[in-house]
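# Need a 3D model of the following:
(chains A, B, C and D)
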Number of protein chains: 2
Amino acid sequence: MQALVLDNCGATVMTVTIQDIANAAKVSLSTVSRALADSPRVKLETRRRIQQFAREMDYSPSAIARGLATKRTHTLGVVVRDIADAFVAELVRAIDQAALEGGYSLVLSHCSDNPQRQLSAFNILRQQRVDGIIVPDSSTADFFLPLLTEGDMPVILINHRTYRHSVGTDNEGAACMAVDYLAQLGHQRIAYIGGTRYRVESEERKEGYQRALAARGLSRDMSLMVDGEGDTEGGQKGMKQLLTLPQPPTAVFCFNDLTALGAIGAIQASGRRVPDDISVMGFDDITLNPYLHPPLTSVAQQKEQIAHMAVAMVLKLLMHESVPVGQFLAGKLMPRGSTAPCVRPV
Amino acid sequence: MQALVLDNCGATVMTVTIQDIANAAKVSLSTVSRALADSPRVKLETRRRIQQFAREMDYSPSAIARGLATKRTHTLGVVVRDIADAFVAELVRAIDQAALEGGYSLVLSHCSDNPQRQLSAFNILRQQRVDGIIVPDSSTADFFLPLLTEGDMPVILINHRTYRHSVGTDNEGAACMAVDYLAQLGHQRIAYIGGTRYRVESEERKEGYQRALAARGLSRDMSLMVDGEGDTEGGQKGMKQLLTLPQPPTAVFCFNDLTALGAIGAIQASGRRVPDDISVMGFDDITLNPYLHPPLTSVAQQKEQIAHMAVAMVLKLLMHESVPVGQFLAGKLMPRGSTAPCVRPV
DNA sequence: CTGTTAGCGCTTTCAC
DNA sequence: GTGAAAGCGCTAACAG
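Residues are numbered from 1 along each chain as shown, chains lettered A, B, ... in the order given. Next up is the predicted model:
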């Protein structure tokens, strides 16, 4: 191994540095630095030679030293309440992909529902000197907003329209489309189970829900609008509440797919069937949806696009380029087996 | 704001350094360094005073500078094939928790099924100088193994028994328990849908499956052992194949929950019902299981413990302490609605 | 085209 | 108990 022969530092497990390569190639340290950056300021021949040395010596640049020198770490912080939330995970996957394309990697930080953890998540990312932060889960946004305004680190929130740097889905429009679809199926008593943990988003979807009802001339019944937390349990509770109504809904639009899953559980537990007795519809369109039983009707968010936009926006902010104002993409209706025409219209 | 008054470096957005604090407190830089590390070598009073300054000036230590100086970044790399895989996500969540407790944060890197991405995932983590790597998803292990042996970075694989630094579940034992449970329900024709992507693990679970059959005196029928890839699609395909058998199984044990979900889909598509006609059982016990319809019977892996063991092991390896040989915990049976007594024994 | 030098922000000997 | 100074591995002026 060339590398070993040339290794002039006594220690054995010492990682090879740019200096080692310089010694080996008998050039100065800065020439190596330039050569590795493929700078045209270095003669092509020496450049190749140096790169060859680097390869032979199995050189791996220290991102950390580079970060210290350039004040850019090429890392993005990602703050999630819970990576095990399917939609969040899918978003993070897309963000990682987009980040990789831009030469960035991800530092993941959980913040749970706990203010203390949220603070420590933020501090960790700050100390790690990530170049920017992406928050794919709007349920944690309320906490971060205050912290962010004072810092200079670019932060972008996904699906948090009230924040200036946000991208995501047009929640209201998408929800309206969803509910309109239920109305088209002949449903007249359509309920909404919200997701209080996602304050802003849930309100937007509720707006869309109401707009669709109004457009179809359906009356708005406050008892059909209940709260969930945005998870399976919340959906279950919300649905139970709806089932106690003198006249339960024939269709329910849920804040997200997890909520819908919980709702379906409650419906089946009450001896009713989905979609025969009650149609259920979710939001987000997690990849599991087609494999659920019944397959869950939902409205899909354009995760890949959103992730790309988010990453692009952080990078622009980083370059002090002007960024477009929040872009919110259309949702896409995904009709599946959990919804069916209303068999007993009022 | 005290901090602003004391800020003697011209620039406005300059982050405060240890030097700034030293100037403010009128002590030397090294004293500040010690004080912030709460070293007893600094007089308690000055220590407190310096810490107070740090707080007022909103000082955030640069993990990156510290890393360069100490050669410890306090970050752990996590390589996943797909974070959107529910079990992986849950494991990562637990790892993050355990890492946080040890003062570590996580760098997430996707590697997909693609050798090129796998290599780049590895290189990114190497360049980022993570202190160690945890691979929660054994499906990517085959690729990493070669890379790892030559490096000096501690790497631990979860559920990859053939590797020296591994922790996880006793796959064979857990699978045996699972199949025994099905046998107890009166099933005699029990199938296994494997997960080829998880070569080692799938073989171990298949061993357990066969051991349980043998222990119950049930004959081993090769046609009842089919392949899946370890995802929903694979489960669907595998089940379809089983349904074409002259005498299909009355119960099927699946490599994991996703596979089981796919299998259930195929069963229902064929007009049969779960568990009435065929019982289905998964593995991993993802959190969604109780909310599926029918709720999925599974065998749970002790995710939190495993994550703790994994993190503890990397840290020990890092300290050059001796590590225990692979610890593989027992699985836990989680009987739910997707399995039922066999109604038509042979 | 290449080399010299001064940091980046921190830790850590070594002196006093 | 505190300070001075070297160095971690790299980049980026500034010279030549």
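# Roughly how far does the residue in the stretch 201-346 of chain A positioned nearest to DNA strand C sit from chain B?
As assessed by C-beta to the nearest atom of the strand, DNA strand C sits closest to A:L318 within the stretch 201-346 of chain A, at 16.5 Å. Glycine gets a C-beta too; all of them are placed from N, C-alpha and C. Going from A:L318 to chain B by C-beta to the nearest C-beta, to the nearest Å gives 13 Å.
# these two touch, right, that residue and A:P154?
Yes. Applying C-beta atoms under 8 Å as the test, A:L318 and A:P154 come out as touching, 5.7 Å apart.
# Walking through chain A, point out its strands one by one.
Listed in chain order, the strands of chain A (DSSP state E) span A:75-80, A:105-110, A:132-135, A:155-158, A:166-169, A:190-193, A:225-226, A:251-254, A:279-281, A:298-300, A:327-329, A:332-334.
# that older thread, quick one, what contacts the residue of the stretch 201-346 of chain A closest to DNA strand C?
A:L318 is in contact with A:R72, A:D131, A:G132, A:P154, counting by C-beta atoms under 8 Å, 6 or more residues apart in numbering or on different chains.
# Most neighbours among those residues, which one?
A:G132 (24 neighbours; other C-beta atoms under 10 Å in any protein chain shown).
# Could you give the number of residues near the nearest residue to it once chain neighbours are set aside?
Once flanking residues are discounted, A:G132 sits nearest to A:V314: 3.7 Å by C-beta to C-beta, 6 or more residues apart in numbering or on different chains. By the measure other C-beta under 10 Å, the count of residues near A:V314 is 28.
# Can you check the pLDDT for A:V314?
A:V314 is assigned a predicted lDDT (pLDDT) of 95.
# again with A:V42
At A:V42, pLDDT is 87.
# tell me the contacts of it?
So A:V42 contacts A:T31, A:R34, A:A35, A:I50 (C-beta under 8 Å, 6+ apart).
# Using JSON lines, lay out these together with distance to B:L100, neighbour count and pLDDT.
Output for the contacts of A:V42, formatted as JSON lines (distance: C-beta to C-beta, whole Å; neighbours: other C-beta atoms under 10 Å in any protein chain shown; pLDDT from 0 to 100):
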{"residue": "A:T31", "distance to B:L100": "42", "neighbour count": "20", "pLDDT": "94"}
{"residue": "A:R34", "distance to B:L100": "40", "neighbour count": "18", "pLDDT": "94"}
{"residue": "A:A35", "distance to B:L100": "40", "neighbour count": "26", "pLDDT": "94"}
{"residue": "A:I50", "distance to B:L100": "41", "neighbour count": "24", "pLDDT": "93"}
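# A:L76 against A:V314, yeah?
Yes. A:L76 is within contact range of A:V314, at 6.4 Å (criterion: C-beta under 8 Å).
# shared neighbours of these two, which are they?
With C-beta under 8 Å, 6+ apart as the test, A:L76 and A:V314 both reach A:D131, A:G132, A:I133, A:I134.
# give me every residue that touches the second one.
Neighbouring residues of A:G132 by C-beta under 8 Å, 6+ apart: A:L76, A:G77, A:M153, A:P154, A:V155, A:I156, A:V314, A:L315, A:L317, A:L318.
# can you do 7 Å?
Residues near A:G132 by C-beta atoms under 7 Å, 6 or more residues apart in numbering or on different chains: A:L76, A:M153, A:P154, A:V155, A:V314, A:L317, A:L318.
# Same check on the last one?
By C-beta under 7 Å, 6+ apart, A:I134 lies in contact with A:L76, A:V78, A:I95, A:I156, A:I158, A:A310, A:V314.
# Closest one of the contacts of A:L318 to B:F255?
The nearest member of the contacts of A:L318 to B:F255, counting by C-beta to C-beta, is A:G132 at 38.9 Å.
# Return the set of residues that bridge with that closest one.
A:L76 (DSSP bridges).
# Tell me how many other residues crowd the nearest residue to A:G151 once chain neighbours are set aside.
Distances taken as C-beta to C-beta, 6+ apart put A:R126 closest to A:G151, at 7.4 Å, once the chain neighbours are dropped. Other residues near A:R126 come to 20 when the count uses other C-beta under 10 Å.
# A:R126 contacts B:P61, doesn't it?
No. With contact defined as C-beta atoms under 7 Å, A:R126 does not count as touching B:P61 (9.4 Å).
# picking up where we left off before, from the contacts of A:V42, which single one is nearest DNA strand D?
For the contacts of A:V42, the nearest to DNA strand D is A:R34 (7.4 Å; C-beta to the nearest atom of the strand).
# dump the residue contacts of the closest one.
A:R41, A:V42.
# Roughly how far does it sit from A:Q51?
11 Å (C-beta to C-beta, to the nearest Å).
# what sits against A:P154?
Going by C-beta under 7 Å, 6+ apart, the list of residues near A:P154 reads A:G132, A:V314, A:L317, A:L318.
# For DNA strand D, see how far away the residue lying closest to it once chain neighbours are set aside is.
In this structure, A:P154 finds its nearest non-sequential neighbour in A:L317, 3.6 Å apart by C-beta to C-beta, 6+ apart. Distance, A:L317 to DNA strand D, using C-beta to the nearest atom of the strand, to the nearest Å: 19 Å.
# Now a PyMOL select for only the buried ones of the contacts of A:I134.
To isolate in PyMOL the members of the contacts of A:I134 that are buried, counting by 16 or more other C-beta atoms under 10 Å in any protein chain shown, one can use:
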select buried, chain A and resi 76+78+95+156+158+310+314
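# Let's have the contacts of A:I134 in JSON lines, adding distance to DNA strand D.
Shown next, in JSON lines, are the contacts of A:I134 (distance: C-beta to the nearest atom of the strand, whole Å):
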{"residue": "A:L76", "distance to DNA strand D": "19"}
{"residue": "A:V78", "distance to DNA strand D": "25"}
{"residue": "A:I95", "distance to DNA strand D": "25"}
{"residue": "A:I156", "distance to DNA strand D": "25"}
{"residue": "A:I158", "distance to DNA strand D": "30"}
{"residue": "A:A310", "distance to DNA strand D": "25"}
{"residue": "A:V314", "distance to DNA strand D": "19"}
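# okay, A:A11: pLDDT?
Reading off the model, A:A11 has pLDDT 35.
# can you check A:Q2 too?
30.
# ok, now A:L148?
71.
# isn't the residue nearest to A:G132 right up against A:G77?
No. A:V314 is beyond contact range of A:G77, at 9.7 Å (criterion: C-beta under 7 Å).
# Name the residues of stretch A:320-338 that come out as buried.
Under 16+ other C-beta under 10 Å, the buried positions of stretch A:320-338 are A:V323, A:G326, A:Q327, A:F328, A:L329, A:G331, A:L333, A:M334, A:R336, A:G337, A:S338.
# Are it and chain B in contact anywhere?
No. Stretch A:320-338 stays clear of chain B (C-beta under 7 Å from any C-beta of the partner chain), getting no nearer than 10.0 Å.
# Likewise for stretch A:193-206?
No. Against chain B, stretch A:193-206 shows no contacts by C-beta under 7 Å from any C-beta, the least distance being 14.3 Å.
# ok, back up a step: tabulate the buried residues of stretch A:320-338 in CSV, adding columns for pLDDT.
Shown next, in CSV, are the buried residues of stretch A:320-338 (pLDDT from 0 to 100):
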residue, pLDDT
A:V323, 82
A:G326, 79
A:Q327, 91
A:F328, 96
A:L329, 97
A:G331, 97
A:L333, 98
A:M334, 98
A:R336, 97
A:G337, 96
A:S338, 98
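# Closest one to A:A266 out of these, please.
Of the buried residues of stretch A:320-338, the one sitting nearest to A:A266 (C-beta to C-beta) turns out to be A:S338, at 13.5 Å.
# For that closest one, give its distance to A:V252.
Taken as C-beta to C-beta, the span from A:S338 to A:V252 is 10 Å.
# again, but for A:A22
68 Å.
# So for the two, which residue has more residues nearby?
Between A:A22 and A:V252, A:V252 has the larger neighbour count (other C-beta under 10 Å), namely 31 against 19.
# Around DNA strand D, which positions in chain A sit nearby?
A:14-15, A:17-19, A:29-30, A:33, A:36-37, A:59, A:61-62, A:65-66, A:68-70 (C-beta under 7 Å from any atom of the strand).
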